[in-house]
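Student: curious how this folds, go ahead:
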Amino acid sequence: MPRRTLIDFHADISTLPSEFIVYDDGYRSWSYSYGEVMAAAGMFAERLRAEGIGREAAVAIWSENRAEWVVALWGCLLEGVVLVPIDYRASPAFLDRVAQIVEARAVLVGDTVDASAIPAGRPVWNLAGLRPRTGARPAVHHPLVEPTPDDTAEIIFTSGATAEPKGVVITHRNILANIVPIEREMAKYRKWAKPFLPIRFLNLLPLSHMFGQAMATFIPPMLPGVVVFTRSYAPEDIVRQIRERRVSVLVCVPKILEVLREHVLRVAPEAATAPVAMHWARRWWTFRRIHRLFGFKFWAMVVGAAPLDPELEAFWGRLGFLVIQGYGLTETAPIVTLNHPLRAARGAVGKPIAGVEVRIADDGEILVRGENVTTGYYKAPAETRASFVDGWFHTGDIGELDDKGQLRIRGRKKEMIVTSDGLNVFPEDVERVLNGVPGVAESAVVGLTAPGSHAERVHAVVVAALDTDLEEVMRTANAQLQDHQKVRAATRWRGPELPRTEGTRKLKRRELRDWLSGSAAGVAPRQAASDRSVASVLQRFAPGRTLAPDTTVDDLGLSSLERVELMMAIEEAMQVTVDETRFAAARTVADLEALARPIEAGAATDAVVAADPFEFPAWNRSPIVSALRRVSLPTWILPLGRVFVSLEVAGLEHLDAAGGPVIFAANHQSHLDAPMILQALPPRWRYRVAPAMAKEFFAAHFHPDGQPARARVTNSLNYYLASAFFNAFPL
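Tutor: Next up, the predicted model:
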């Protein structure tokens, strides 16, 4: 049917009977159908109306990816409310500033953000309250005012934390200009896709990013497909999700593909020598071990939000996987060009989608025109005028169109740094903080590519006195910056001031970047393979830094993904297996060195010590012991507790709709807590509970050396009785 607004699209997908969203938070997973998600969206729209939040009012959302995020988006669209997404990694101060600018009537928060840090003054709603209900059916929602194509759907802010945020206004027309051409193209192949349905997407891009939002909310219903959200970015967990959930397509930033490449090379070293020229069938058979690792239904990676290293793209292509990349910006809602899945051009970002025009300016800048392009920046007419000239949007990127009409990106005209995680760093934001550090006269920030890497990292050039410690300067500045903004390395400028233009006094960043890339920067080259040390590994992540044993891991400014990559790099270089618990607890370079140090008999160390391994007994879940426990608990064990405790139970009705796994937590500790909780629970829960007991309480059992014989016997007896009659396990 013709689509004037997103509400027409909503009407179509509300009737789909299939599964829509799977959310895995690391402890359990939830699954919701299209109908259940849209029913919850309708209920949220009614709540907005009841709260007096209506058309053109704004609501901010600050959350990790989850089904309720999609519910909130559609609920706002149904009622004409403007949604303002905030990256879950952003600071509370940035959220508060944006909320002030748009005069947000409420803030929706997820579980991984610090809602307590949000300044008082506006309602804060937890997204858990929007959870779809099993079996719910969407009802027809009648907005008070019918939407128009030019109504604002979202405002997405793209600026850094310390500069004035700049909001991109996205209308229904902008989003539909992206959806409709892709939907028409996909319709040509839908009949051929039927044997492979449902197509499952593992989406690791944040929903606050327009591309991540499109790949989670608008693209899957066209098949229809299933979207999987997960919190973990560890390569083992990503691979497990892909294999166990039979995922077909991974949606991510290039950094994920880098981390997965390192994981694959460790598991299957033969991937490093994959030949370039080989038929796809033979390629698939040659690397069947790797395809088995991911599951045989997995075939493609869709990459966005940051530039993709051509060699990284080629690596996955040689293994028989398809890497699909496109080009776009928040201002283009977001797609400008997209590679055809079956006719992808390596090294290119595809052809313009239908309805979008691309032109290359005389200076090489990419210009875009079409209905997908934003109407402008929110309450920022000067910025809007600067970005639009003669109807063309100036992207600030440099590129070229080849003879086949494929767009190839060559670089950025703008000075903004895009990290490998797809996050934007504005140099002025970081410089403002650096210039406030005592001893710093002035600074310039550029994106510098580390040797042997395609990723850009924040590098500072500082004018400071010779007795000023640059390590201390970085430490002080990084404490005030967000993770993706943190300075990775700093170089002292020997002159009295940084190079600037004569007239406008603008910093000559390009010249500074060229200078840093040469020998004058003093950037250490990648260490030889034979130089195996943690210091050499760290140089890849902090090029040019002088790393002392007491340099903290936080000072390196690593993202969560880069921490995972660092752990894998240490294991590979040092040929050791790093305990994840100890790695997470490591605070300094010395701690990391201790992790990789070979174990020597009798060697003393004050480094981070791994905890005792967990021991989950299996014998107490055998049929005989389970039957003994099932008979003993209600007949003589739990009734004994009534002699000591008068028990009143309330709220059992809340367990009726609960499904496992569930944690029952007492608000204090005593030996009677577990029996009383078991006594209070209905039988269907009572006999499925496994109480955790303090392992230290059974020290004589687990560490008998030096313990009296009587203590060993009685302590072991206590352990076995607790495990047998209460199904307990040591923690």
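Student: straight-line length of stretch 408-425, end to end?
Tutor: Its first and final residues considered, stretch 408-425 spans 23 Å by C-alpha to C-alpha, to the nearest Å.
Student: try stretch 22-35
Tutor: 14 Å.
Student: go on, stretch 476-492?
Tutor: End-to-end distance for stretch 476-492, by C-alpha to C-alpha: 16 Å.
Student: assumed Ala153 was part of a strand.
Tutor: Yes. Under DSSP: H, G, I helix; E, B strand; the rest coil, Ala153 sits within a strand.
Student: is it true that it touches Ile170?
Tutor: Yes. Counting by C-beta atoms under 8 Å, Ile170 is a contact partner of Ala153 at 5.5 Å. No exception for glycine: its C-beta is placed from N, CA and C like everyone else's.
Student: so the two - more neighbours on which side?
Tutor: Applying other C-beta atoms under 10 Å to Ala153 and Ile170 shows that Ile170 carries more neighbours, namely 26 against 23.
Student: quick check: bridge partners of that one?
Tutor: Glu154 (DSSP bridges).
Student: likewise for Lys351?
Tutor: Applying DSSP bridges, one finds that Lys351 bridges with Leu338.
Student: so it is in contact with Arg408, correct?
Tutor: No. The pair Lys351 / Arg408 is not scored as a contact, 11.3 Å apart, by C-beta under 8 Å.
Student: okay, the two: which has more neighbours?
Tutor: Set side by side, Lys351 and Arg408 show more neighbours around Lys351, with 21 against 15, by other C-beta under 10 Å.
Student: the more buried one and Gly80, how far apart?
Tutor: 35 Å (C-beta to C-beta, to the nearest Å).
Student: got the CA positions of stretch 175-183 in CSV?
Tutor: Taking C-alpha atoms only, stretch 175-183 is exported to CSV below (Å, rounded to 0.1, in the frame of the first residue of the first chain):
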residue,chain,number,x,y,z
ILE,A,175,12.8,7.7,7.0
LEU,A,176,10.3,6.5,4.3
ALA,A,177,12.6,7.8,1.6
ASN,A,178,15.1,5.1,2.9
ILE,A,179,12.5,2.4,3.6
VAL,A,180,10.4,2.3,0.4
PRO,A,181,13.3,1.9,-2.2
ILE,A,182,14.8,-0.9,-0.1
GLU,A,183,11.4,-2.6,0.3
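Student: can you offset everything so residue one is 19?
Tutor: Yep, numbering from 19; the last one is stretch 193-201 now.
Student: and for that stretch, what's in contact with it?
Tutor: Stretch 193-201 is contacted by residues 21, 23-24, 27, 167, 171, 232, 236-237, 240, 351-353, 356, 371-374, 388-390 when judged by C-beta atoms under 8 Å, 6 or more residues apart in numbering.
Student: identify the residue spatially nearest to Glu64, adjacent ones excluded.
Tutor: His159 (7.6 Å; C-beta to C-beta, 6 or more residues apart in numbering).
Student: got it, and Ala614?
Tutor: Met592 (4.1 Å).
Student: relative to Ala612, how far out is the one you found?
Tutor: Applying C-beta to C-beta to Met592 and Ala612 gives a distance of 12 Å.
Student: do Ile274 as well
Tutor: Taking C-beta to C-beta, one finds Ile274 at 29 Å from Ala612.
Student: those two: who's more crowded?
Tutor: Ile274 (23 against 17).
Student: quick one: buried residues of the helix or strand harbouring the more buried one?
Tutor: According to DSSP states H and E, Ile274 maps onto helix 272-285. Across helix 272-285, burial judged by 16 or more other C-beta atoms under 10 Å covers Pro272, Lys273, Ile274, Leu275, Glu276, Val277, Leu278, Arg279, Glu280, His281, Val282.
Student: enumerate every residue touching Glu474.
Tutor: Glu474 touches Ile435, Val436, Thr437, Ser438, Gly465, Leu466, Thr467, counting by C-beta under 8 Å, 6+ apart.
Student: sorry, wrong one. I was asking about Phe601.
Tutor: Per C-beta under 8 Å, 6+ apart, neighbours of Phe601: Met585, Leu610, Leu613.
Student: now swap in Thr152 and tell me
Tutor: Per C-beta under 8 Å, 6+ apart, neighbours of Thr152: Glu54.
Student: mind checking how far it is from Ile31?
Tutor: For Thr152, the distance to Ile31 equals 19 Å [C-beta to C-beta].
Student: may I see the buried residues of the lowest-mean-pLDDT helix or strand in the chain?
Tutor: Lowest mean confidence among the helices and strands of the chain (mean pLDDT, DSSP states H and E): helix 598-603, at a mean of 75. Buried residues in helix 598-603, defined by neighbour count with 16+ other C-beta under 10 Å: Arg600, Phe601.
Student: could you export it as CSV, CA atoms only?
Tutor: Provided in CSV are the C-alpha atoms of helix 598-603 (Å, rounded to 0.1, in the frame of the first residue of the first chain):
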residue,chain,number,x,y,z
GLU,A,598,38.9,-13.2,32.3
THR,A,599,38.2,-12.5,36.0
ARG,A,600,41.8,-11.5,36.7
PHE,A,601,41.9,-9.4,33.5
ALA,A,602,38.8,-7.5,34.4
ALA,A,603,40.3,-6.8,37.9
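Student: run a quick neighbour tally on Lys713.
Tutor: Residues near Lys713, counting by other C-beta under 10 Å: 18.
Student: repeat that for Tyr738.
Tutor: Neighbour count for Tyr738, taken as other C-beta under 10 Å: 15.
Student: filter the contacts of stretch 193-201 to the buried ones?
Tutor: Using 16+ other C-beta under 10 Å, the buried members of the contacts of stretch 193-201 are 21, 23-24, 27, 167, 171, 232, 236-237, 240, 351-353, 356, 371, 374, 388-390.
Student: quick one: which of these sit in strands?
Tutor: Ala171, Ile353, Leu356, Val374, Gly388 (DSSP state E).
Student: now tell me which of those residues the prediction trusts least.
Tutor: Lowest pLDDT within these is found at Leu356 (90).
Student: Gly346 versus that one, what's the distance?
Tutor: For Leu356 relative to Gly346 (C-beta to C-beta), the value is 8 Å.
Student: for Glu164, same thing?
Tutor: Taking C-beta to C-beta, one finds Glu164 at 29 Å from Gly346.
Student: which of these two has more residues huddled nearby?
Tutor: For Glu164 and Gly346, the more surrounded residue by other C-beta under 10 Å is Gly346, and the numbers stand at 24 against 12.
Student: how about that one: what's its closest non-neighbour residue?
Tutor: Distance criterion C-beta to C-beta, 6+ apart; nearest residue to Gly346, sequence neighbours excluded, is Pro352 at 3.9 Å.
Student: run a quick neighbour tally on the residue nearest to Ala122 when sequence neighbours are not counted.
Tutor: Leaving aside its chain neighbours, Ala122 sits nearest to Ala78 (4.4 Å; criterion: C-beta to C-beta, 6+ apart). Number of residues near Ala78 (other C-beta under 10 Å) recorded here: 25.
Student: contacts for the helix or strand encompassing Ala78, please.
Tutor: Using DSSP H and E, Ala78 falls within strand 76-80. Contacts to strand 76-80, defined as C-beta under 8 Å, 6+ apart, come from residues 66, 71, 87, 90-91, 94, 99-104, 106, 108, 113, 116-117, 120-128, 131, 136, 145, 173, 226.
Student: gap between that strand and the chain center?
Tutor: Relative to the chain's own centre, strand 76-80 is displaced by 19 Å; criterion: C-alpha atoms, centre = their mean, to the nearest Å.
Student: pLDDT of the next helix or strand after that strand, averaged?
Tutor: Remark: after strand 76-80, the chain's next helix or strand is helix 85-97, criterion DSSP H and E. The pLDDT scores in helix 85-97 average 97.
Student: relative to strand 76-80, how tilted is helix 85-97?
Tutor: Calculated by axes from the mean of the first three to the mean of the last three C-alpha atoms, to 10 degrees, helix 85-97 forms an angle of 170 degrees with strand 76-80.
Student: and helix 85-97, C-alpha only, in PDB?
Tutor: Extracted as PDB, the C-alpha positions of helix 85-97 are listed here (Å, rounded to 0.1, in the frame of the first residue of the first chain):
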ATOM      1  CA  ALA A  85      12.600  -4.700  22.700                       C
ATOM      2  CA  GLU A  86      11.200  -1.900  24.900                       C
ATOM      3  CA  TRP A  87      13.300   0.600  22.900                       C
ATOM      4  CA  VAL A  88      11.400  -0.300  19.800                       C
ATOM      5  CA  VAL A  89       8.100  -0.200  21.700                       C
ATOM      6  CA  ALA A  90       8.900   3.400  22.800                       C
ATOM      7  CA  LEU A  91       9.800   4.500  19.200                       C
ATOM      8  CA  TRP A  92       6.500   3.200  17.800                       C
ATOM      9  CA  GLY A  93       4.500   4.500  20.800                       C
ATOM     10  CA  CYS A  94       5.800   8.000  20.200                       C
ATOM     11  CA  LEU A  95       5.200   7.800  16.400                       C
ATOM     12  CA  LEU A  96       1.600   6.700  17.000                       C
ATOM     13  CA  GLU A  97       0.900   9.700  19.200                       C
END
